[in-house]
Each structure stands twice: as C-alpha cells, then as structure tokens.
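Visitor: show me the folded form of this:
(2 chains, ligands or ions: 1)
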Amino acid sequence: MLQIRVMDELLRLLKENALESPRNLAKMLNQSEDAVKARIADYERTGVIRGYQAVVNEDKLDIDRVSAVIEVKITPEREGGYDELANRIGRFPEVDSIYLMSGGFDLLIFVKGRNLKEVAFFVSDKLATIEGVVSTVTHFMLKTYKDSGVLMEAEKERERLGVTP
Amino acid sequence: MKSPIARHLIGVPRSGIRDFFEIVSARKGVISLGIGEPDFVTPWHISEAALFALERGATAYTSNLGILELREEVARYMERFYKVSYDPKTEILITVGVSEALDLAIRALIEPGDEVLYHEPCYVSYAPVVTFAHGKAVAVSTRREDDFRLTRAALEAKVSPRTKVLLLNFPTNPTGAVLPRKDCEEIAAFAIEHDLVVLTDEIYAELTYAGGHVSIASLPGMKERTIFLNGFSKTWAMTGWRIGFACAPPELTEAMMKIHQYTIMCAPTLGQKAAIEALRHGEADAEHMRKDYEKRRNYICASLEEMGIPCHLPKGAFYAFPYIGHFGLSSKDFALNLLDQENVACVPGTAFGSSGEGFIRCAYAANMPNIKEAMSRMARFVGKLRK
Ligand SMILES: Cc1ncc(COP(=O)(O)O)c(C=O)c1O
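Guide: All right, here's what the predicted structure looks like:
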C-alpha cells in the first residue's frame, strides 16, 4: 500500500480539476512533465486515484432523476463484519456511495433512480430483503446546493478594480 | 486665481497605476494581471464572525488604539510569527490598513527636510507620503542582477546627515525580493551605526515561499528603533476591510496615536472584529492561499521563461517582475501594446519608480484560468514582437 500521510499537491490539483494537463501540472509544481505523468500513473496503479468524474448539477437537466439518502441498520456477519454486507449493497448500480457511520444507524447509502417508485422498489425489494439488514429510513433529496466542494449556483463576477497598486 | 493647491503637493506626480487603471477601465474583456490584491474572497469564517458581531450591535467607535482583544491577538501573533514581544496596552496601534500606519509613522517622525531612505522599485505610496510630510524621499535602486536584494553598500552611498528613517518592504511589491537573515543583519548594523529609525512594511511576510521570514524588528537592538507595519489585506484577502497595525516602542506608538486619534478616531469596528477571527482561527487559510500562490508563481515564471522573457523566481509576495527591455520597447509601451493587441493588463515597471524601467509587473494573485489565458495571449504577443 502506498503510504500518503498528507495529501500531496498533485492530488490536490487533480481533485480541483482532473482535466488539468500534465504539462500545466508540471509547470505549477515546478517539476518535469514526465515526473508528473509517472506519479499519476502510480496513483492509478495503486488505487489512490479510483476514477475521474465531472461534477454535474443535475437540477439543471431536464431528466427524470431522484436521489435519496438511506440510513440502514444491519447486524454484522460472523465473518466479514460490516465490510461484506456493505460491499454486497454497494454492488447495486443504483447505489452511488456508501459509508459506515457511528451513531444511531450503521450504513449511510446514497441512491439514485429515475423516479420515486424506482427508488422505493430498490429499498423494499432489494435492500430491505438482504439478510442482515434490520431496518431502513429513506430521505428523498429535494435540491442540491453544493456537491463535491462545488457550489451548484455559479457565483456572480465579483467587483474588483482592473488595476491596483 | 492662482492655483490654491499646496505647492509641495503639485510636485507629486499622479500614480502611474491610476493612469493605467483609467486606460484599462475603458476596455472590455481585459484579463488583468495588474491587480495587487488577492483573487480570493475573505475566508468565510472571518466574514461570518463579522456578521455575528454586526447582529450583536458592534456598530460603535472602539478605543483609539483599537479593540484590546485584537491588540492582544496581534501581540500573540507577533510573538509567534515574528519573534518580537509587544505590549498590547502601549505598543500596538490598530489602523486603517498599512496605508494609514505608514502615513502616521512618517508624520510622527519627519520634520521638513528630513530624509527617508527607501529601496526602489517599490510600492507606489512611499515617496509621496514622505513628500506630504515635507520630508525628502531618497531612493536606493535595487537591481535584477542581485535578485533585487538591498545591500549595505547601496545604502551607504545614499545616506546623509539628514537621513532619519530607513523604510523597508520585504517581501517587496513589485519585485518579490526577500531579506535573508544575513542581509537583514547588515542592514540592522547600518541603521544602528547611522542612528536611523527603521520603518518596516512586512505586509507580505506570510507570503514567503521558502519560509524563514526574518523581521528586522526581531534582531538584537532593533526593536527600540523599529516601527513594524502589517495588516490583514494580503494574508487574509481582506483588502476592503481596511485593517492594519503598527507595533513600536511606547513613545513612538503614542506619537502615532496622537495623529490617529485626531484624524481617524479609530479603525472600522467590524473590520477589527473580523481581524480578531483571522488571528484566532486563520492560520490554515494563510497557508492554503500561500500554497495556491506558489503554484501560480511557478506557472507564470515557467511560461514567461518559455516565451524567452527572463523572470527570476520571486521568493515572496505575489508579483512576478520580468525583464522585457530586450524587446526594444519602454515598459509603458510594452504594457500599452500588450493591452491594445491582446487585452492583457500588466503594470509598467516605471509605476514603481524609474528603476522599474525595462520591467513589467504581473500579479499572480489572479486566478489560475486567467493566468493561463493571459500567458497564452502574451506568448502570441511576444511572438509577433520578434518578427
Ligand atoms: C507594500 C504594500 N504596503 C502597503 C499596502 C497597502 O495595504 P493596506 O491595504 O493594508 O492599506 C500595499 C497594498 O498593495 C502594499 O503592496
């Protein structure tokens, strides 16, 4: 396992903009382009970087889509503990993200579907029936304000003078 | 009627920045590398603290010296970052930015004909402020060949029996030069030998990329002859809040306070509240912004070098000061043509004194997309110049 104690500057730049070219990254970091490419390849190979995605404001799109957050209580399995069950749930394509939580429930699951019915069906027929799932509480999302560190509403141009001392 | 304007004021030229600003303002779609302020907005927790204070009715005057809580925070910050101790009750004055603190210090010290040594190219206000106080501003040029470092030899050449104040600004606007410990010690010895008061504007101290900023106030025997100036504008992206401070021994602080009390009364109350939050919980913000500026600096210098414009890697502040003299244009014409042909604004080096001829100032406080676009436009411009 690649040990990275603090997130390095290259990762920070890629998290901000994964489309940044290796050439520009190299310039910003004062390194050679080859070194940057090799490092990115390393991150990909070792699974530090697991993918690249666009941050999309789905509220802007005229599509049928609902998102829900589900609190799930489970009884951990004899072997595998929480992990086995969480991975089994995570394999459903409807599931966007899944976290193990402290507090009143165990797993927090983010789910997407075309409509309410589809999500409801997923919860009642797929999720709730998995052995080990004790109970579920489903919250539907109404509007997204911020996602992955990005405010969904583009901020207006700030007023600044053109030239200052 | 003959002009009613005071004669010593007429002699002061309009700021070269203002001239340029007017030309830039008249155009659309300009990408500006001419802005000497952070592109960041004030960190939200700082603005939020001010909103909270406003809700609780923080709308009255404060003590002339500034809110004691803030002075106490400044004292802790001075101890922590600059390694100098100041008594918050008698040695710290909260001002309307470094701008006011600079004016106070000069007016508190200068009698007609007294000389102030300052290094050039430099921030636009220094010489005029001295002139307004009927003093004589004496420039010491720094050179690209020395990375714009200030040397004792250069100072010795300009010092006179009338010299009373040595004005320093490291890291420097517009050159990004810093004052390494050894130079700092030499300059301190120079000040002691000639019995000068040192006025040090360290507004960019937190933007020292390799770390290790040394304040001249922290050297032995210097605190008693130094007025230290700093503020919140650059470190915490708070230019519009207008808060700065001066630290100096009680006698000097009291003298500045006398002017401040009768002319300003107190620095803005809400700004002071915001400043308290910045000092208490803002260490990470400063660090975060510094890291961002560093990448922008690297990018801009690498791009300039690629187009064949020599640019030393500035060690501090957020300005690149590349040499463009070899294109056969004056700084002003280079900047005007660049604006005219490619809509990119940089400030001609001469706005920072005559020794800025041959240079332009490119601020990398601009955001990354703008810097990238500006650099690609500039590369095109330079390509045409070469033909
Ligand atoms: C060197 C220097 N000193 C002082 C100032 C003014 O700062 P303030 O906003 O604190 O008045 C600036 C702003 O550009 C500066 O560059």
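Visitor: give me the below-cutoff pLDDT ranges for chain A.
Guide: Along chain A, segments meeting pLDDT under 70 span A:1-7.
Visitor: which stretches of it form strands?
Guide: A:66-74, A:95-100, A:107-113, A:133-140, A:146-147, A:150-151 (DSSP state E).
Visitor: mind putting those in TSV, distance to B:G211 and mean neighbour count included?
Guide: Every C-beta, even on glycine, is put in place using the N, C-alpha and C of the backbone. Formatted as TSV, the strands of chain A follow (distance: least, Cβ to Cβ, whole Å; neighbours: other Cβ atoms under 10 Å in any protein chain shown):
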stretch	distance to B:G211	mean neighbour count
strand A:66-74	43	19
strand A:95-100	37	14
strand A:107-113	41	19
strand A:133-140	47	14
strand A:146-147	33	11
strand A:150-151	31	12
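Visitor: which single residue in the stretch 51-200 of chain B comes nearest to the ligand?
Guide: Shortest the stretch 51-200 of chain B-to-the ligand distance, computed as Cβ to the nearest ligand atom: residue-wise this is B:G97, at 2.5 Å.
Visitor: repeat for chain A
Guide: For chain A, Cβ to the nearest ligand atom, closest residue to the ligand: A:P165, 4.7 Å.
Visitor: contact partners for that residue?
Guide: B:15, B:17, B:36, B:123-125, B:173 (Cβ atoms under 8 Å, 6 or more residues apart in numbering or on different chains).
Visitor: restrict those residues to those near chain A?
Guide: With Cβ under 8 Å from any Cβ of the partner chain as the criterion, the contacts of A:P165 include B:15, B:17, B:36, B:123-125, B:173 near chain A.
Visitor: the closest residue to the ligand within the stretch 251-387 of chain B: neighbour count?
Guide: Nearest residue of the stretch 251-387 of chain B to the ligand: B:A317, at 7.6 Å (Cβ to the nearest ligand atom). Counted by other Cβ atoms under 10 Å in any protein chain shown, the residues lying close to B:A317 total 30.
Visitor: how far away is it from chain A?
Guide: 12 Å (Cβ to the nearest Cβ, to the nearest Å).
Visitor: now do the contacts for that residue.
Guide: B:171-174, B:176, B:204, B:207, B:234 are the contacts of B:A317 under Cβ under 8 Å, 6+ apart.
Visitor: using the three-state scheme, assign the nearest residue to the residue of chain A closest to the ligand once chain neighbours are set aside.
Guide: With Cβ to Cβ, 6 or more residues apart in numbering or on different chains as the criterion, A:P165 has its nearest non-adjacent residue at 4.7 Å, and that residue is B:V124. Recorded secondary structure, B:V124: coil (DSSP: H, G, I helix; E, B strand; the rest coil).
Visitor: repeat for B:N337
Guide: Assignment for B:N337 (three-state DSSP): helix.
Visitor: in this structure B:A275 contacts B:N230, no?
Guide: No: applying Cβ atoms under 8 Å as the test, B:A275 and B:N230 come out as separate, 11.0 Å apart.
Visitor: the more surrounded of those two?
Guide: Neighbour count, other Cβ under 10 Å: between B:A275 and B:N230, B:A275 has more, with 31 against 26.
Visitor: strands along the stretch 201-350 of chain B, start to end?
Guide: B:226-231, B:244-247, B:319-320, B:344-345, B:347-348 (DSSP state E, counting those that start in this stretch).
Visitor: what's the closest of the strands of chain A to chain B?
Guide: Ranking the strands of chain A by their distance to chain B (criterion: Cβ to the nearest Cβ) puts strand A:150-151 first, at 11.4 Å.
Visitor: so which residues make contact with the closest one?
Guide: Contacts for strand A:150-151 (Cβ under 8 Å, 6+ apart): A:55, A:145.
Visitor: sheet partners, orientation included, of it?
Guide: Sheet pairing of strand A:150-151 (DSSP bridges) gives strand A:146-147 (antiparallel).
Visitor: where exactly do the helices run in the chain?
Guide: No chain was given, so I picked chain A. Secondary structure of chain A (DSSP state H): helices at A:9-16, A:22-29, A:33-46, A:81-90, A:116-121.
Visitor: hmm, I had chain B in mind actually
Guide: Going by DSSP H, chain B shows helices at B:7-10, B:16-25, B:44-55, B:68-77, B:97-109, B:126-132, B:152-156, B:181-193, B:250-263, B:269-281, B:283-306, B:331-342, B:368-386.
Visitor: and B:C362, which of these is closest to it?
Guide: Proximity to B:C362 (Cβ to Cβ) singles out helix B:283-306 among the helices of chain B, at 6.1 Å.
Visitor: quick one: distance of that closest one to the chain centre.
Guide: 18 Å (Cα atoms, centre = their mean, to the nearest Å).
Visitor: does that helix reach chain A?
Guide: Yes: for helix B:283-306 and chain A, the contact criterion (Cβ under 8 Å from any Cβ) is met by B:291, B:295-296, B:298-299, B:302-303.
Visitor: against A:E71, how distant is B:R361?
Guide: Using Cβ to Cβ, to the nearest Å, B:R361 is found at 56 Å from A:E71.
Visitor: spell out which residues make up each domain of the chain.
Guide: Assuming you mean chain A. A:9-46, A:60-142 (automatic domain parsing).
Visitor: not quite, I wanted chain B
Guide: Per the record, chain B has its domains at B:7-42+B:284-386, B:44-281, by automatic domain parsing.
Visitor: neighbour-wise, which one of the ones next to chain A among the contacts of A:P165 leads?
Guide: B:N173 (25 neighbours).
Visitor: measure that residue to A:L11 for me?
Guide: 32 Å.
Visitor: same check, this time on B:T253
Guide: For B:T253, the distance to A:L11 - Cβ to Cβ - is 47 Å.
Visitor: list the contacts for the residue lying closest to B:R377 once chain neighbours are set aside?
Guide: Spatially, and ignoring its direct neighbours in sequence, B:R377 is nearest to B:E342 (4.0 Å; Cβ to Cβ, 6+ apart). Residues near B:E342 by Cβ under 8 Å, 6+ apart: B:377-378, B:380-381.
Visitor: does A:G132 touch A:R78 like I think?
Guide: No: here A:G132 does not reach A:R78: they are 10.2 Å apart, not a contact under Cβ under 8 Å.
Visitor: what parts of chain B come near chain A?
Guide: So chain B meets chain A at B:15, B:17, B:20-21, B:24-25, B:30, B:32, B:34-37, B:41, B:123-125, B:173, B:291, B:295-296, B:298-299, B:302-303, B:345, B:347, B:368, B:372 (Cβ under 8 Å from any Cβ).
Visitor: how many residues are close by residue 16?
Guide: No chain in the question, so chain A it is. 12.
Visitor: chain B was what I was after
Guide: B:G16, neighbours per other Cβ under 10 Å, totals 22.
Visitor: make TSV from the strands of chain A and add distance to the ligand to it.
Guide: Formatted as TSV, those follow (distance: least, Cβ to the nearest ligand atom, whole Å):
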stretch	distance to the ligand
strand A:66-74	45
strand A:95-100	44
strand A:107-113	45
strand A:133-140	47
strand A:146-147	31
strand A:150-151	28
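Visitor: could those strands go into TSV alongside distance to B:S354?
Guide: As requested, the strands of chain A are arranged in TSV below (distance: least, Cβ to Cβ, whole Å):
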stretch	distance to B:S354
strand A:66-74	63
strand A:95-100	61
strand A:107-113	63
strand A:133-140	67
strand A:146-147	50
strand A:150-151	46
